[in-house]
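[1] pasting the sequence and the predicted model now:
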2 protein chains.
Amino acid sequence: MTLYLIGLGLWDEKDITLRGLETVKKCQTVFLETYTSKLNCSKEVLEKLYGKKIIEADRNMVEKDSAKILEPAKTSNVALLVIGDALSATTHASLLIEAKKMGVRVKTISNASVLTAVGITGLELYKYGPVTSLPYPEPGFESKTAYEVLVKNKKEGWHTLILLDIKAEQKQYMTVNEAIDLLLKIEQQEKKGAFGATTAVVGCARLGSPQPLIKYGTAQELMKEDFGGPLHCLIVPGKLHFIEEAMLQEWRIKS
Amino acid sequence: MTLYLIGLGLWDEKDITLRGLETVKKCQTVFLETYTSKLNCSKEVLEKLYGKKIIEADRNMVEKDSAKILEPAKTSNVALLVIGDALSATTHASLLIEAKKMGVRVKTISNASVLTAVGITGLELYKYGPVTSLPYPEPGFESKTAYEVLVKNKKEGWHTLILLDIKAEQKQYMTVNEAIDLLLKIEQQEKKGAFGATTAVVGCARLGSPQPLIKYGTAQELMKEDFGGPLHCLIVPGKLHFIEEAMLQEWRIKS
């Protein structure tokens, strides 16, 4: 009689915690949220590990048709599996509020998130300003939010983590290269001097996986690098402590 | 021939991931970092689960005598278990740099961190300014850092997560009540109007555990509340979206 929000971690079926696995095994119904991130194993692999059938839940089900998830949780244990941390995505708040209204108890089981997995770069987590995300431009609408956050963070000397767009249904995941290209274009329009060809950036791919890739160089240099498969993210470092500087040199690309 | 930094997650032995468990089982030497957080099970429980003897590593060993950890990793697999996420604590950068110098390969296995477990409060993670921490005052030195971060974040309308001091060796963990008291005293000295008796705050205890406790009220109200055992943290919300406001009302204490 509980809805369990269970974080699956950042890579594949092995990133669930013992507590998460134990909990999903006792749930009668298991949903998998599929639209805010990407898991690197098939649904079938999870089903075999859990000994449960899994129902895929898209944005529509979680955000607009949440009764499908909440109704069964009134009388049985239901799991909603979330890639990364259980509550890092911004889209689950409405589900929690609905749950409260319907008298459904919710418990969460935490897991790793890219927001802290970036710790591997050596940039101190307490020196990041607000995180932001960069969406693909839509016809007639190009979001300037990431750029504006960057402008503010840079002014304060803070690091900026930029999460890159995911179009899960089209299996389209923004690359570091696309992100740099987009930011250079926004800079050309906005001209606030926050992002240029010589801006030092850290490109990351597959953080939290057994084979993460991190490269440090100028925007122009990183544009030409191949980061491999998704997910990617981009960091624009702020003011560097000498230990951070030393850590970044470990990722410096040969030019 | 690898040093594995393995996050243990936020509560007890069940918060390790399957990947973490599998990895620690194949390590010849296992260290447990004991000074940046608190795990809620004994070392013996972990030893039984892993089938390994565990060596406790205090700050001195990790930061100053790291050869003790790195030397065996030249010729065998070594695990350094870290409570929370593997790389969220600021104190491990020097270890990574030493490892590089000594030619020791390092891999990390991510896990949950309080930095994202605060998502449970309903405050959006992308609206947090930089995180900060509040230390116990020492004779002749009272850190104003947390207060200064708060002043800046408030000005921008951002939320502020304040991590509270841990003196692991003395088993002393700062409470929400102590933190509020300290911040009120700093406000009296600094007078920047960032924290007062009527400031709305969110007190959290044992985030990431099966029984987290969250209370929302004014600083004055929360001062009188009992938050139970450690770890505690304090959030000062910035500008609230109406959904965030609705979520906070779920934690509102009866006055």
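    Yes, it's here.

[2] correct me if wrong: residue A:14 contacts residue B:23.
    No: Residue A:14 lies out of contact with residue B:23 (Cβ atoms under 8 Å); the separation is 9.5 Å. The C-beta positions use only the backbone N, C-alpha and C, and glycine is treated the same way.

[3] so who does the residue nearest to residue A:58 when sequence neighbours are not counted touch?
    Once flanking residues are discounted, residue A:58 sits nearest to residue A:35: 5.5 Å by Cβ to Cβ, 6 or more residues apart in numbering or on different chains. Counting by Cβ atoms under 8 Å, 6 or more residues apart in numbering or on different chains, residue A:35 touches A:58-59, A:62, A:166, A:168-169.

[4] export the residues you listed to TSV and append columns for neighbour count.
    Shown next, in TSV, are the contacts of residue A:35 (neighbours: other Cβ atoms under 10 Å in any protein chain shown):
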residue	neighbour count
A:58	14
A:59	15
A:62	23
A:166	20
A:168	16
A:169	10
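
[5] need the max-distance pair from those.
    A:62 and A:166 (14.8 Å; Cβ to Cβ).

[6] ok, residue A:125 - contacts?
    A:116, A:118-119, B:88, B:90, B:115, B:131.

[7] averaged pLDDT, stretch A:167-178. What do you get?
    Mean per-residue pLDDT for stretch A:167-178: 94.

[8] which residue packs closest to the most centrally placed residue in chain A, ignoring adjacent ones?
    Chain A has residue A:114 as the residue nearest its centroid, 5.4 Å off, counting by Cα atoms, centre = their mean. The shortest distance from residue A:114 to any non-neighbouring residue, by Cβ to Cβ, 6+ apart, is to residue A:207 (5.5 Å).

[9] and the one you found, which of the three is it?
    With DSSP: H, G, I helix; E, B strand; the rest coil as the basis, the three-state label of residue A:207 is coil.

[10] I'd say it and residue A:15 touch.
    No: using Cβ under 8 Å, residue A:207 and residue A:15 do not qualify as a contacting pair, with a distance of 12.0 Å.

[11] quick one: contacts for the residue of the stretch 151-255 of chain A found nearest chain B?
    Of all residues in the stretch 151-255 of chain A, the one sitting closest to chain B is residue A:208 (4.5 Å; Cβ to the nearest Cβ). Neighbouring residues of residue A:208 by Cβ under 8 Å, 6+ apart: A:9-11, A:15, A:112, A:114, A:117, B:110.

[12] ok, residue A:161 next?
    A:114-115, A:118, A:128, A:131-132, A:233-235.

[13] any weak-confidence spans in the stretch 151-255 of chain A?
    A:255 (pLDDT under 70).

[14] tell me the residue in chain A that is farthest from the middle.
    Max distance from the centre of chain A (Cα atoms, centre = their mean): residue A:75, 32.1 Å.

[15] where does it fall, phi/psi-wise?
    With angles defined as degrees, to the nearest 10, residue A:75 sits at phi -120, psi 0.

[16] how about the contacts made by it?
    Residue A:75 touches residue A:1, counting by Cβ under 8 Å, 6+ apart.

[17] report pLDDT for it.
    96.

[18] what distance do you get for it to chain B?
    Per Cβ to the nearest Cβ, to the nearest Å, residue A:75 is found 22 Å from chain B.

[19] burial measure for residue A:182, as a count.
    Neighbour count of residue A:182, defined by other Cβ atoms under 10 Å in any protein chain shown: 24.

[20] test my guess that it contacts residue A:137.
    Yes: counting by Cβ under 8 Å, residue A:182 touches residue A:137, with 7.1 Å between them.

[21] how much space is there between residue A:246 and residue A:115?
    Going from residue A:246 to residue A:115 by Cβ to Cβ, to the nearest Å gives 23 Å.

[22] who has more neighbours out of those two?
    Neighbour count, other Cβ under 10 Å: between residue A:246 and residue A:115, residue A:115 has more, with 26 against 16.

[23] which ones are touching that one?
    A:85, A:88, A:131, A:161, B:113, B:115-116, B:125.

[24] phi, psi of residue A:201?
    phi -140, psi 160.

[25] got it, and residue A:16?
    Torsion angles, degrees, to the nearest 10, at residue A:16: phi -70, psi 150.

[26] count of neighbours near residue A:234?
    Neighbours of residue A:234 (other Cβ under 10 Å): 28.

[27] cool, residue A:105 as well?
    13.

[28] for residue A:137, same thing?
    Quick note: residue A:137 (other Cβ under 10 Å) scores 13 neighbours.

[29] quick one: the helices in the stretch 1-150 of chain A?
    Taking DSSP state H, counting those that start in this stretch, the helices of the stretch 1-150 of chain A run over residues A:18-25, A:43-50, A:59-63, A:67-70, A:93-101, A:114-117, A:145-156.

[30] which of these is buried the deepest?
    Ranked by mean neighbour count, these are led by helix A:114-117 with a mean of 26 (mean count of other Cβ atoms under 10 Å in any protein chain shown).

[31] fine by me, thanks again.
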